[in-house]
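A.B. asks: this is the structure alone, sequence omitted:
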C-alpha cells in the first residue's frame, strides 16, 4: 500500500518538479502565477494538469494554442513516481524514506536544469544540503559527524579537481557533491565515482561519433544525479560486494 501511495505522490511531485525545472533558471517564482502555457500564457485548467494522463489526452499539445508540450513533462512525472515507489519499497515507512524522497526530489530538477542550462542553482543546492544534514542526523544521531565530514570531503575532492582541471567541472558540481555527502555520507564518494565513470563513457562515445568535440562541456550534474541515485539504492550492496572481492583476493 505504501508503495502505491508513494508512486501517486511521486507523480504529483513530478508535476511540481517540472515547474521548478522551468522557472528556477529563469528566476521566476515557483508559487505564482499558477501553471500556464509558456507559449500563449493561458492558465492550465485542473483537468489539463493531471500527471501523465493530461499529456496523453492532449496529445502533447496546449489546449489553447496547440503549441507542443515538451516530452520532459511526462518523463519527469513518470520518473519521479517510479523512484518514489522504489524508495518506499526499499526503505518502508521511516525517516530514511523521507530522506530518500527529499534527495530524489532534489536530484531530478538539478539534473533537468543542468541538462538544459548547464546550471546547478544555489537556491536548490544550499537548502537541500542543510535538509540532508538534518535528516541524516535524525536517522543516525550518533553518526552525525560522518555526514559532515563526507559533505566536506566530497566537496573538497571535487574542488581540488576544479583547481587541477579548471575546464572539467564547475563550482556547481563541487557544491552538489557536498550535498550528496550530506545525504549519503561516505557513499557519496561512490556516487561521484559512478557519475564520473558514466560521464566518461558517454562523453567518449559522443566524441568518437563526432557529436561533440574535445572542448565540449558535458552537464556533470546529470551524472552526479545518476550516481547519487545509484548510491542511494545500491550503495551498501556495491560497497559490500567490493569489500568481499578485496577480502577474497
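C.D. replies: Now that the structure is in, tell me what you want to look at. Please read all numbers here as calculations on a predicted model, not as lab measurements.

A.B. asks: middle-most residue in the protein, spatially?
C.D. replies: residue 107 (1.4 Å; CA atoms, centre = their mean).

A.B. asks: tell me the helix or strand right after the helix or strand hosting it.
C.D. replies: Taking DSSP states H and E as the definition, residue 107 sits inside helix 95-117. Note on helix 95-117: by DSSP H and E, the next helix or strand toward the C-terminus is helix 122-139.

A.B. asks: now the element after that next one, going C-ward?
C.D. replies: Following helix 122-139 in sequence, per DSSP H and E, is helix 144-164.

A.B. asks: run through who's touching that following helix.
C.D. replies: Residues from elsewhere that reach helix 144-164, judged by CB atoms under 8 Å, 6 or more residues apart in numbering: 129, 132-133, 136-137, 140, 168-171, 173-175, 177-186, 188-189, 192. Yep, even glycine has a C-beta here, placed from its N, CA and C like the rest.

A.B. asks: then stretch 92-104?
C.D. replies: 2, 6, 80, 83-84, 87-88, 90-91, 128, 131-132, 135-136, 138-139, 183-184, 228-229, 232.

A.B. asks: so which helix or strand of this structure has the lowest pLDDT on average?
C.D. replies: Least confident helix or strand of the chain, by mean pLDDT, DSSP states H and E, is helix 220-248 with a mean of 91.

A.B. asks: for that one, packing partners?
C.D. replies: Using 3 or more CB pairs under 8 Å, 6 or more residues apart in numbering; DSSP states H and E as the contact definition, the elements that helix 220-248 packs against are helix 72-91, helix 95-117, helix 171-184, helix 187-208.
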